[in-house]
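**Student:** only geometry, no sequence info:
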């Protein structure tokens, strides 16, 4: 499973990031776990999302999707 950590103060309030995370969860089910943390120490570059250990800040939809799919490919 890939762990996606979302900054609850900035990324979860971003509609585009929230919608992308919802789509990724729907597409990949149990292979993707989404956890909210109060801070990822990237406030100046929000929205911040961590895919595994890789920090995406600012997290753009395409960049987020690519990072998740790349990690999923490595697990196969």
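**Tutor:** Happy to help now that I have it. From a predicted model like this one, the values you see are computed outputs, not experimental measurements.
**Student:** you'd agree residue 35 is in a strand?
**Tutor:** Yes. Secondary structure of residue 35 (DSSP: H, G, I helix; E, B strand; the rest coil): part of a strand.
**Student:** what sits against it?
**Tutor:** 3, 4, 5, 6 (Cβ atoms under 8 Å, 6 or more residues apart in numbering). Bear in mind the C-beta positions are built from the backbone N, C-alpha and C, glycine included.
**Student:** now do residue 34
**Tutor:** Residue 34 neighbours (Cβ under 8 Å, 6+ apart): 4, 6, 21, 25.
**Student:** Grab the two from those that are most spread out in space.
**Tutor:** Using Cβ to Cβ, the contacts of residue 34 reach their maximum pairwise distance at 6 and 25, which is 11.4 Å.
**Student:** who's more crowded, the two?
**Tutor:** A count of neighbours by other Cβ atoms under 10 Å puts residue 6 above the other of residue 6 and residue 25, at 22 against 16.
**Student:** Please, which helix or strand holds the more buried one?
**Tutor:** strand 2-7 (DSSP states H and E).
**Student:** one step back: would you show me how to pick out the buried ones of the contacts of residue 35 in ChimeraX?
**Tutor:** Selection of the buried residues among the contacts of residue 35 in ChimeraX, burial being defined by 16 or more other Cβ atoms under 10 Å:
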select :4,5,6
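**Student:** Make a markdown table from the contacts of residue 35 and add distance to residue 37 to it.
**Tutor:** Formatted as a markdown table, the contacts of residue 35 follow (distance: Cβ to Cβ, whole Å):
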| residue | distance to residue 37 |
| --- | --- |
| 3 | 11 |
| 4 | 11 |
| 5 | 5 |
| 6 | 7 |
